[in-house]
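Student: what would the 3D arrangement of this be:
(chains A and B)
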Amino acid sequence: AQTVTQSQPEMSVQEAETVTLSCTYDTSENNYYLFWYKQPPSRQMILVIRQEAYKQQNATENRFSVNFQKAAKSFSLKISDSQLGDTAMYFCACFSGYALNFGKGTSLLVTP
Amino acid sequence: KAGVTQTPRYLIKTRGQQVTLSCSPISGHRSVSWYQQTPGQGLQFLFEYFSETQRNKGNFPGRFSGRQFSNSRSEMNVSTLELGDSALYLCASSLSAGGLVDRNEQFFGPGTRLTVL
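Tutor: From the prediction side, this is the model:
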């Protein structure tokens, strides 16, 4: 069984600042993928960034980057130059077979 | 290319009724997965369909069922609704049900908000 844990229910950051969202996971699979999804108030789930477990290099996508520590089973998301539009719920998820296993989410508020 | 569409967007039912939700995947996507999102349980996997066959199922009672049509559109049905079935139901499509590489990237629809009174 897989578990995904997000220990920060809520976070806030000022516009233009950097924020890091934490995620730990547990899986017995050797081959898996990790994701961060964003769910704004509109409720549409949007893929932010993806990391293949077999790749050591951390994924980056514009202002979004991850710190993937495979041995520690840690997968944090860093948002640089935060923008008001980044306000949303952020979900960490693990995929190793047929379904995404999600964490409980972190509510991020970006303030002016 | 159009995204994943779900209908209806909002639905209000009473206990004991049944409901059918619809999902149209991105053109060319053959796999459709359903998730239930509630404040208490978070996002939970319901089932996955590929080529009109249910390939995987989450830990939900038999009142939850689904099907997939030849055009990859999918429906899920909940019978004998309970108050606890109130949730946002999300559908996600992926390119294929081949290896992990193709299956892992899922694109979500806007969801159907079901309220059971």
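
Student: surely A:D86 meets A:I79?
Tutor: Yes: if you go by CB atoms under 8 Å, A:D86 and A:I79 touch, sitting 5.9 Å apart. (Each C-beta comes from the backbone N, C-alpha and C, glycine too.)

Student: residue nearest the centroid of the chain?
Tutor: Picking chain A for this. Most central in chain A under CA atoms, centre = their mean is A:W36, positioned 3.3 Å from the mean C-alpha point.

Student: the chain in question should be chain B.
Tutor: Note: chain B centre (CA atoms, centre = their mean) maps to B:W34, 2.8 Å.

Student: the host helix or strand of that residue: how far from the chain's middle?
Tutor: Using DSSP states H and E, B:W34 sits within strand B:31-38. Centroid separation for strand B:31-38 versus its chain: 4 Å, with CA atoms, centre = their mean, to the nearest Å.

Student: strand partners (parallel or antiparallel) of that strand?
Tutor: When pairs are called by DSSP bridges, strand B:31-38 turns out to pair with strand B:42-50 (antiparallel), strand B:87-94 (antiparallel).

Student: so for that strand, what gets flagged as buried?
Tutor: Buried residues in strand B:31-38, counting neighbours by 16 or more other CB atoms under 10 Å in any protein chain shown, are found at B:31-37.

Student: lowest-pLDDT helix or strand in chain B?
Tutor: The weakest-scoring helix or strand in chain B, judged by mean pLDDT, DSSP states H and E, is helix B:100-103 (a mean of 58).

Student: hang on, the earlier thing: so which residues make contact with the strand holding B:W34?
Tutor: For strand B:31-38, contacts defined as CB atoms under 8 Å, 6 or more residues apart in numbering or on different chains pick out A:98-100, B:23, B:25, B:43-50, B:55, B:60, B:66, B:68, B:72-74, B:76, B:84, B:86-97, B:103, B:106, B:111.

Student: distance of the closest residue in space to B:S74 that isn't next to it in sequence relative to chain A?
Tutor: With sequence-adjacent residues excluded and distances taken as CB to CB, 6 or more residues apart in numbering or on different chains, B:S74 is closest to B:V32, at 4.0 Å. Using CB to the nearest CB, to the nearest Å, B:V32 is found at 12 Å from chain A.

Student: could you report the pLDDT at B:V32?
Tutor: Looking at B:V32, its pLDDT stands at 93.

Student: ok, now B:A2?
Tutor: At B:A2, pLDDT is 81.

Student: pretty sure it is touching B:I26, no?
Tutor: Yes: using CB under 8 Å, B:A2 is in contact with B:I26, at 7.0 Å.

Student: tell me how far the ends of stretch B:11-30 are from each other?
Tutor: Stretch B:11-30 has an end-to-end distance of 26 Å (criterion: CA to CA, to the nearest Å).

Student: average model confidence for stretch B:18-25?
Tutor: pLDDT averaged over stretch B:18-25 gives 98.
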